[in-house]
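Undergrad: Here's a sequence, model it:
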Amino acid sequence: MDSWNTLLTSHVIAALFVLAIGPLQILRRRRDRIHRSMGYLWVAAMYYVCVSSFWIVTEGHFTWLHGLSAFTLVTVTLGLVSAIRGNIRSHLANMVGSYAGIAVAFVFAVAVPGRAIPRLLADDPSTGVYVAALVILSVAVIFASLRLGSRSGPPVTSRRRSQRSAEDARSVLAR
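TA: Model (predicted):
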């Protein structure tokens with residue numbers, strides 16, 4: 001690819017998003033609603049990065065990175081299914097492996113001269129810094145909003161609502 005287009009730009013932004021969320025997910029001790037919500041965002045972005053990579057080809061040929069994308073689609077899916085089924089050990093192994101795969105792809109994409117990212121960083125480093133800062137800021141805002149939302153307490157379910165109504169009725173009758 002000779003120039004940046006919408007596909008390549010969105011692919012890079014989603015990949016940076018995945019790279020930024022990964023350590024938060026892996027290193028955080030609590031596996032709560034925030035972990036689950038951020039995890040769904042991570043999985044969606046990871047699927048986008050992998051699938052979009054098949055339309056990013058050099059001189060009409062696939063590379064080993066496309067094989068890594070296909071493999072990552074499988075490992076992310078296995079990790080998601082494992083989490084749903086409660087197999088946490090398998091979930092952790094698949095997700096950490098998927099993150100390691102995208103980290104390797106990122107190093108390759110940034111370190112190999114002639115690829116789009118090194119050319120961008122050489123020609124216009126301020127754009128690269130700006131995009132990276134926006135991605136990190138967006139991850140921080142999402143994390144903070146999920147965290148603040150979890151402090152407001154659990155949502156009132158219909159069962160708790162009926163329990164409150166029964167308690168209210170008893171207190172009225174007791175008067």
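
Undergrad: On the pLDDT front, check Phe2 for me.
TA: Slight slip there: residue 2 is Asp, not Phe. Asp2 is assigned 50 on the pLDDT scale.

Undergrad: Only the buried residues of stretch 115-132, if you could.
TA: Across stretch 115-132, burial judged by 16 or more other CB atoms under 10 Å covers Ala116, Ile117, Leu120, Gly128. For every residue, glycine as well, the C-beta is placed using N, CA and C.

Undergrad: who does the strand or helix carrying the last one touch, helix- and strand-wise?
TA: Taking DSSP states H and E as the criterion, Gly128 maps to helix 125-151. Counting by 3 or more CB pairs under 8 Å, 6 or more residues apart in numbering; DSSP states H and E, the packing neighbours recorded for helix 125-151 are helix 6-27, helix 33-53, helix 116-123.

Undergrad: Need the mean per-residue confidence for that helix.
TA: On average, the pLDDT along helix 125-151 is 85.

Undergrad: and that helix with helix 33-53, angle?
TA: Between helix 125-151 and helix 33-53, the angle comes out at 140 degrees (axes from the mean of the first three to the mean of the last three CA atoms, to 10 degrees).

Undergrad: distance between helix 125-151 and the chain's centre?
TA: Put simply, helix 125-151 sits 12 Å off its chain's centre (CA atoms, centre = their mean, to the nearest Å).

Undergrad: So what angle separates the directions of it and helix 116-123?
TA: Going by the same axes, to 10 degrees, helix 125-151 makes 120 degrees with helix 116-123.

Undergrad: could you measure the residue nearest to the spatial centre of the chain against Thr58, distance?
TA: Computing the C-alpha centroid of the chain and ranking residues by CA atoms, centre = their mean puts Trp42 first, at 1.7 Å. To Thr58, Trp42 is 27 Å away according to CB to CB, to the nearest Å.

Undergrad: quick one on the thing from earlier: need the buried residues of stretch 115-132 in TSV with distance to Ala100, can you?
TA: Shown next, in TSV, are these (distance: CB to CB, whole Å):
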residue	distance to Ala100
Ala116	23
Ile117	19
Leu120	25
Gly128	23
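
Undergrad: Out of these, which comes closest to Leu24?
TA: Gly128 (21.9 Å; CB to CB).

Undergrad: Verify the stated contact: the closest one with Leu121.
TA: Yes - the pair Gly128 and Leu121 qualifies as a contact (CB atoms under 8 Å) at a distance of 4.8 Å.

Undergrad: I figured Phe71 was touching Ala100, is that so?
TA: No - using CB under 8 Å as the test, Phe71 is too far from Ala100 to be in contact (11.5 Å).

Undergrad: so where's this structure uncertain?
TA: 1-3, 151-175 (pLDDT under 70).

Undergrad: can you do 90?
TA: 1-9, 24, 27-34, 56-66, 108-136, 138-140, 142-175 (pLDDT under 90).
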